[in-house]
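> need the 3D shape of this:
(one chain, ligands or ions: 1)
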Amino acid sequence: MRPVALVTGASRGIGRGIAVALADAGHDLVINYAANADAAKEVQAAVEAAGGRAVPVRADVSSAADRERLVEETYAAFGRLDLLVNNAGVAPDVRADLLEAGEESFDRLIAINLKGPYFLTQLVANRMIEQIGTGVVSAPRIVTISSISAYTASVNRGDYCVAKAGLAMMTTLYAARLAEYGINVYEIRPGIVATDMTGAVTEKYDRLIHEEGITPIRRWGQPADVGAAVVAVASGLLPFSTGQVIDVDGGFHLRTL
Ligand code: NAP
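Numbers count the residues shown, from 1 in each chain. Here you go, the predicted structure:
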């Protein structure tokens, strides 16, 4: 039986890279997306080309009803879930200074980037516990894609940083709560990755990476870099580690003198 992974925000960018890497590693996939059905179908085709089965499910992770349906459709399609990857996330529509930014953007980012994964994890964890009890799955795992913004202050997108910092504590909490069931929980912190999200700031990051060396490894991260880290976790290569933060950032987090 092939293991099954649910990846939120899998239609584009990092989520797509994770879905394709997991398919290459032998997983079947639930490809969650918010609106972009054509992009989700492309990922479905890529998973199928790798020999996997894929089911696209449109669902807004910030909506409780959509999260319920996403989980129901996952179990209806595959009867099991071995891996949840909380990846879906958005940047603020406008980067606004901390002294001026409004509540609307804050509420949107907290709802999608923090509340969504927090309660999706709760739903999935309860289902995983049931399935461990009935012997359908053993050692399922949960991975959350946060960001270097969990600890890096960008004063023109405080809402994004606060949401990502919240994901770090979410990982700690679920890791502590789920260890007794054998469910390991991980946080992956990507650095600067080439996706639609960073498309608007390409020139700035090009300069920071290539001229100023903000990352010791002087290149953009790619979705496949994050996919490789998720596959390492999904393959059970870190069995005695939980709550672990995995930096996938070209060394951005290193302090040097
Ligand atoms: P992206 O290219 O903008 O893709 C975002 C994905 O999330 C799309 O698949 C989108 O679906 C989906 N999505 C957006 N809102 C959603 C919602 N409410 N419910 C369900 N799905 C939703 O972004 P990305 O750069 O790949 O980022 C993916 C994750 O990595 C995010 O959590 C982001 O914060 C994090 N991250 C990114 C970087 C970076 O440099 N790019 C660095 C660190 C962390 P549609 O296609 O349907 O719109």
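
> contacts and neighbour counts: CA atoms only from here.
Noted.

> packing partners of the helix or strand harbouring residue 178?
For residue 178, the host element (DSSP states H and E) is helix 158-178. For helix 158-178, the packing partners by 3 or more Cα pairs under 8 Å, 6 or more residues apart in numbering; DSSP states H and E come out as helix 103-110, helix 116-133, strand 184-190.

> which strands and helices sit next to the first one?
Based on contacts counted as 3+ Cα pairs under 8 Å, 6+ apart, the elements that helix 103-110 packs against are helix 158-178.

> can you list the residues of the protein near the ligand?
With Cα under 6 Å from any ligand atom as the criterion, the chain comes near the ligand at residues 8-15, 33-36, 59-62, 87-90, 112, 145-147, 190-198.

> what about those, which are in strands?
Among the residues of the chain next to the ligand, DSSP state E puts 33, 145, 190 in strands.

> got CSV for the residues you listed, with neighbour count and pLDDT too?
Putting these into CSV (neighbours: other Cα atoms under 10 Å; pLDDT from 0 to 100) gives the following:
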residue, neighbour count, pLDDT
33, 23, 98
145, 25, 98
190, 24, 98
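
> quick check: the residue nearest the centre of the chain vs residue 151, distance?
Nearest to the geometric centre of the chain sits residue 87, at 2.1 Å (Cα atoms, centre = their mean). Going from residue 87 to residue 151 by Cα to Cα, to the nearest Å gives 18 Å.

> what of residue 63?
If you measure residue 63 against residue 151 using Cα to Cα, the figure is 27 Å.

> can you check residue 158 too?
Distance of residue 158 to residue 151, computed by Cα to Cα: 11 Å.

> same check, this time on residue 182
Counting by Cα to Cα, the gap from residue 182 to residue 151 is 28 Å.

> ok so, going back, of the helices and strands packed on helix 158-178, flag the one that's most buried.
Of all the helices and strands packed on helix 158-178, strand 184-190 has the most neighbours on average by mean count of other Cα atoms under 10 Å, namely a mean of 26.

> now for it, which elements pack on it?
strand 141-145, helix 158-178, helix 223-234, strand 244-248.
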